[in-house]
Each structure stands twice: as C-alpha cells, then as structure tokens.
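J.: Next come a sequence and a model predicted from it.
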Amino acid sequence: MTNPTPASPSRRRALGAVCACTGAAVAAPLMGANALRTVALGALGVSGVAVSSAASAAPAAARTALTPDQALQRLMDANEAFVSDKPQAPQINRKRRLEIAQGQTPFAVLLSCSDSRVPPEVLFGQGLGDLFTVRVAGNTVSPEGLGSIEYAVAELGVPLIVVLGHERCGAVGAAVSIVRDGTSFPGAIGEMVSPIVPSAIRARDEKGDWLDNAVRRNVVDVVERLKVSGNLLEEPIAAGKLKIVGARYDLDDGKIDFFHR
C-alpha cells in the first residue's frame with residue numbers, strides 16, 4: 001500500500017486546528033492528509049465519515065441530571081431572586097473553574113439578544129459552565145446558531161432551550177420600521193434583521209404596542225422553528241428529554257415572563 005500524499009503545510013495547520021478542538025492534536029503530526037481529514041470531519045459530524053475506534057470507544061461525558069422542568073424551574077427561581085435583589089452567588093471562583101476545565105455540563109441553552117442590557121448569566125444568577133449561550137441581535141437563529149444549539153443538546157445533553165426576547169429590542173424595532181416605513185439599513189444589518197420581518201408583519205394588526213407584540217411574536221416564531229428543525233432536536237422533544245420555551249425580559253423591572261411553553 002502506498003503512503004497517502006503528504007498534507008501541505010497550510011492544510012496540515014487547518015486540520016490540526018480542528019483536531020486540537022477534538023482531542024486529536026497529539027496525533028496530528030503523525031497522520032497523513034486523508035487520515036487527518038477523517039478525524040477532523042468526523043468530529044464535525046459530517047455524515048459518511050468514520051470516526052476513529054478510539055474516539056467512539058471513549059466514555060460518555062457527564063451530563064446534567066436535571067429534567068427539562070427542573071431546569072426551567074431553576075431559571076425561574078433564579079430570576080425571582082435577581083428581581084428581588086437577592087441574587088444567588090454564582091460559581092465563578094477558582095474551584096469552579098478547575099472543576100469544569102476538562103468538560104462542561106450546562107443545564108440550559110439561552111438563545112438571546114446581543115443587547116448589553118440582557119446578559120443571561122446575570123439575569124439568571126448563573127456561573128461558569130451553567131448556561132450554553134447563543135447570542136445575536138434579535139435572538140434569531142442562523143445555521144451557525146442552530147448548529148451550536150444542536151451540539152449542546154446532542155453532545156452535552158442539555159434538557160432546556162430558552163429563546164429570550166426583551167422589551168424595546170432594537171433589532172425587532174428595525175424590522176418594524178422596515179414594514180411600517182420602508183426603512184433600509186446599511187451593511188449586513190439589513191440581512192440580520194430580515195428574518196424578523198415576517199414576525200413584525202404578523203404582529204402589525206394585534207392589539208397593543210406593535211413593537212412589543214413583534215418582540216413576542218418573534219420569540220414564538222423562533223421557538224416553533226426550532227421544534228421542527230430536524231432530528232437532533234425533534235427526537236429528544238418527542239422522548240420528553242428536551243423542552244423549548246419562549247420568554248421576554250422586561251428592561252424596567254427585571255422580570256422574565258416565560259409566556260410561551
């Protein structure tokens with residue numbers, strides 16, 4: 001059998017970087033290009049690519065013991081403490097850092113807005129390794145965001161996904177202005193806001209404040225899309241191992257309303 005064609009320096013560096021994230025960095029210098037590609041793509045979940053027998057035989061990582069309902073209750077209790085100015089003491093010390101250095105066991109995914117006033121760990125009084133956060137303006141979900149969420153559920157065993165919108169969201173306000181005024185936005189801002197536009201349209205004729213109705217409608221739409229996004233989320237939902245809920249954060253009083261469950 002002939003040896004595989006050696007990887008170019010740039011290709012070896014790229015594949016080595018992927019291997020470093022998957023625990024294969026030590027073996028990278030000893031592997032040919034084809035073998036490296038097999039390990040790297042297998043680790044990324046590309047179908048049809050074999051993962052090494054050593055990796056498949058590795059023991060399963062620890063996962064949270066919380067059920068979806070228990071995880072939700074933990075968040076609700078923590079937000080109540082935040083609102084009453086009696087926040088829990090989050091684990092952010094050296095002991096906790098070392099405790100999770102070799103692996104993470106988050107109990108919830110937070111898909112939330114990038115707004116600086118809406119930091120999930122603060123609103124829920126959580127520390128290092130507790131929440132798996134995916135943040136983008138308008139709490140929309142891109143392919144990259146969905147992949148991150150699927151990873152948290154499939155590989156880390158997270159039992160709860162919370163889509164968190166908030167009062168006076170700028171991204172949702174931009175979508176409303178597109179519908180109402182025909183506003184256009186420069187750069188990539190328009191592309192970022194465009195997934196929210198259908199929610200803004202549906203909220204237009206609802207009673208009450210258009211912007212706040214659009215915030216809630218956007219949350220509901222994202223939750224419902226996630227529920228039918230594919231087997232990695234649909235199967236644990238059907239088995240009762242995963243729950244996806246929608247919530248709205250009030251900037252004024254600090255309360256989080258889990259209005260869509």
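T.: Received, thanks. If you're wondering where the values come from, they're calculated on a predicted model, not measured in any experiment.
J.: Enumerate every residue touching residue 105.
T.: Residue 105 is in contact with 61-64, 129, 156-157, counting by CB atoms under 8 Å, 6 or more residues apart in numbering. The way it works is simple: take the backbone N, C-alpha and C, and place the C-beta from them, glycine included.
J.: next SSE after the worst-scoring helix or strand of the chain on mean pLDDT?
T.: Least confident helix or strand of the chain, by mean pLDDT, DSSP states H and E, is helix 53-56 with a mean of 40. Going down the chain from helix 53-56, the next helix or strand is helix 68-83, by DSSP states H and E.
J.: Can you list the neighbours in contact with that next one?
T.: Residues contacting helix 68-83 (CB under 8 Å, 6+ apart): 64, 66, 87-88, 107-108, 122-126, 159-160, 162, 240-243, 245, 253-256, 258, 261.
J.: Of the residues you listed, just the buried ones, PyMOL syntax please.
T.: To isolate the buried members of the contacts of helix 68-83 in PyMOL, using 16 or more other CB atoms under 10 Å:
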select buried, resi 64+66+107+108+123+124+125+126+159+160+162+242+243+245+256
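J.: if we can go back for a sec, among the contacts of residue 105, name the buried ones.
T.: Counted by 16+ other CB under 10 Å, the contacts of residue 105 give 63-64, 129, 156-157 as buried.
J.: among the residues you listed, which two are most distant?
T.: By the measure CB to CB, 129 and 157 form the most distant pair in these, at 13.3 Å.
J.: Let's see the pLDDT reported for residue 62.
T.: pLDDT for residue 62: 86.
J.: mind listing what it touches?
T.: 103, 105.
J.: what's the spacing between it and residue 97?
T.: Distance of residue 62 to residue 97, computed by CB to CB, to the nearest Å: 17 Å.
J.: Pop out the phi and psi values for the nearest residue to residue 223 once chain neighbours are set aside.
T.: Among residues not flanking residue 223 along the chain, residue 246 sits closest, at 4.4 Å (CB to CB, 6 or more residues apart in numbering). Dihedral pair for residue 246: phi -120, psi 140, per degrees, to the nearest 10.
J.: doesn't residue 256 make contact with residue 246?
T.: No. Counting by CB atoms under 8 Å, residue 246 sits too far from residue 256 to count as a contact (10.7 Å).
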